[in-house]
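Participant: Please work out how this folds:
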Amino acid sequence: MHDVERAFREAHGQAVATLTRVFGDITLAEDAVQDAFVTALDRWPRDGVPGNPAGWIVTTARNRAVDVVRRRRRGRELTEQIATDRLQAESTAGPEDSELVPDDQLRLIFTCCHPAIRLEHQVALTLRLVAGLTSTEVASAFLVPEETMAKRLVRAKSTIKAAHIPYRVPDDVELPGRLRAALSVLYLIYNAGADDVRRRDLRAEAIRLTRVLVALMPHEPEAVGLLALMLLSDARVPARGDGAHVVLLKDQDRSLWDHSLISDGQELVLACMRRRRLGPFQLQAAIQALHCAAPRYEETDWAAIVRFYDRLIAVMPTPVVALNRAVAVAETEGPQAGLALLDGVVEQLNGYHLLHASRGSLLERLGRPHEAAEAYDRAAALARTDADVAFLSRRLAEVAVGLTGALDGEGTLPVAGPSARD
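Facilitator: Presented below is the predicted three-dimensional model:
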């Protein structure tokens, strides 16, 4: 059963993408692939998983879709179209030899991430159609009722149909903006798993989909940068605690880091550097690569990290980036310099618990325990997870009894996402 489910999930996005190209109907394609899965559940445990699961599913699903089309009153023209030379050529291949067009997946990703679709719907649709998660799994990932998620998926597909969103890869003029949207969706999927180290499934799916995008668009450096960023962040997950406790970067057992992932991520960062077209994801990955390169926390190259933040804030001038840069500056120029920079973004990030946690750390280092306690109290009140609340409450208690200690900068602040809980 598990082998069938795993093989189906890996083949789902390819199959839906190919059938959408053939029939021009996402809903028909999705339903036909789901029917093929039901057939696979019956046959594969008995006959074994085929050598090319995606090809088997495409062939089985296509036959199912043809049957559906033939039963439709207005399906005659489409049925005749299915009899064209192109489709006949595809149907002559056996279930394990059915040709899949790589660009089909690329078209599907860009369709799901079209700007006419609301962002939360883009994320849901990508997880459902490309990643093959069920509506229940997608709803669980984003902590919303299944009924709510089902409505989002229906609305997203309705938008595609009503807005006549083309099923194609954007042209050269459209591509930069559309690619950023697709990468942002994959980044949000990863972060949904990064917020809870136990959600390995979401992190793994985001990494898998990003690998697909990189394989399909190997010359797009920002896609490569996002993949590097995810790998470098994921490499440190084993040392970050079990989800119930926060382990700061300076306290982590670095022998638990996945050094194979770190090597892969750093190699991708070096490849990005050689291209000299550094964008936001590449710069964030470079910062993470520097953290991963330090054998001990005390050997972190903070000066180089600040330089990368200087470049990042020039292309991505957001308050969160400014906050992260301030913490790095505190490591090179001292807590007073970092605090001055943090105070410059208090108004924009007053509801963000990591801002107040970072202020508490720097105030504590400056010997201002009363103000530090107020900052930690505010941070604990705003924290979203039980682990963060417990950690910040403990810091507050320690300050209150006159103990020393501080949160490290990178450990409390995300580079802009995946390493948020280091």
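Participant: and the helix or strand harbouring residue 64, what other elements does it pack with?
Facilitator: Counting by DSSP states H and E, the element that carries residue 64 is helix 53-71. Contact analysis of helix 53-71 by 3 or more C-beta pairs under 8 Å, 6 or more residues apart in numbering; DSSP states H and E lists helix 2-23, helix 26-47, helix 76-82, helix 85-91 as its packing neighbours. Bear in mind the C-beta positions are built from the backbone N, C-alpha and C, glycine included.
Participant: what helix or strand is residue 390 on?
Facilitator: For residue 390, the enclosing helix or strand under DSSP H and E is helix 386-400.
Participant: Packing partners of that helix?
Facilitator: Here helix 386-400 touches helix 353-365, helix 369-382, going by 3+ C-beta pairs under 8 Å, 6+ apart.
Participant: For residue 295, find the nearest of the ones you listed.
Facilitator: The minimum distance between residue 295 and those falls on helix 353-365, with 23.5 Å, by C-beta to C-beta.
Participant: name the helices or strands packed onto the closest one?
Facilitator: By 3+ C-beta pairs under 8 Å, 6+ apart, helix 353-365 packs against helix 319-333, helix 335-343, helix 369-382, helix 386-400, helix 409-412.
Participant: rewinding a little: can you say which of the helices and strands packed on helix 386-400 is packed in most?
Facilitator: Ranked by mean neighbour count under mean count of other C-beta atoms under 10 Å, the helices and strands packed on helix 386-400 are led by helix 353-365, which reaches a mean of 25.
Participant: Next, the angle from it to helix 386-400.
Facilitator: Between the axis of helix 353-365 and that of helix 386-400 there is an angle of 20 degrees, by axes from the mean of the first three to the mean of the last three C-alpha atoms, to 10 degrees.
Participant: mean confidence score for helix 353-365?
Facilitator: Helix 353-365 shows a mean pLDDT of 95.
Participant: then it to PDB, C-alphas only?
Facilitator: C-alpha atoms of helix 353-365 as PDB (Å, rounded to 0.1, in the frame of the first residue of the first chain):
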ATOM      1  CA  HIS A 353       7.700  38.200  18.100                       C
ATOM      2  CA  LEU A 354      11.200  37.700  16.700                       C
ATOM      3  CA  LEU A 355      11.700  41.500  16.700                       C
ATOM      4  CA  HIS A 356      11.000  41.700  20.400                       C
ATOM      5  CA  ALA A 357      13.000  38.600  21.200                       C
ATOM      6  CA  SER A 358      16.000  40.100  19.400                       C
ATOM      7  CA  ARG A 359      15.600  43.400  21.200                       C
ATOM      8  CA  GLY A 360      15.500  41.500  24.500                       C
ATOM      9  CA  SER A 361      18.700  39.700  23.700                       C
ATOM     10  CA  LEU A 362      20.600  42.900  22.800                       C
ATOM     11  CA  LEU A 363      19.200  44.800  25.800                       C
ATOM     12  CA  GLU A 364      20.300  42.000  28.100                       C
ATOM     13  CA  ARG A 365      23.800  42.100  26.600                       C
END
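Participant: Low-confidence stretches in the stretch 301-422 of the chain?
Facilitator: Residues of the stretch 301-422 of the chain meeting the criterion pLDDT under 70: 402-422.
Participant: now do 80
Facilitator: Within the stretch 301-422 of the chain, the ranges that satisfy pLDDT under 80 run 401-422.
Participant: returning to what we had before: what's the most buried one of the helices and strands packed on helix 53-71?
Facilitator: Mean neighbours per residue, mean count of other C-beta under 10 Å, is largest over the helices and strands packed on helix 53-71 for helix 2-23, with a mean of 21.
Participant: returning to what we had before: list the buried residues of the helix holding residue 64.
Facilitator: Neighbour counts over helix 53-71 (16 or more other C-beta atoms under 10 Å) mark 53-62, 64-66, 69 as buried.
Participant: Taking helix 2-23 as reference, get the angle to that helix.
Facilitator: Orientation of helix 53-71 against helix 2-23 (the same axes, to 10 degrees) gives an angle of 50 degrees.
Participant: how about the residue lying closest to residue 374 once chain neighbours are set aside, what does it touch?
Facilitator: Nearest non-adjacent residue to residue 374, counting by C-beta to C-beta, 6 or more residues apart in numbering: residue 360, 8.0 Å away. Counting by C-beta atoms under 8 Å, 6 or more residues apart in numbering, residue 360 makes contact with 372, 373, 374, 375, 376, 379, 392, 395, 399, 407.
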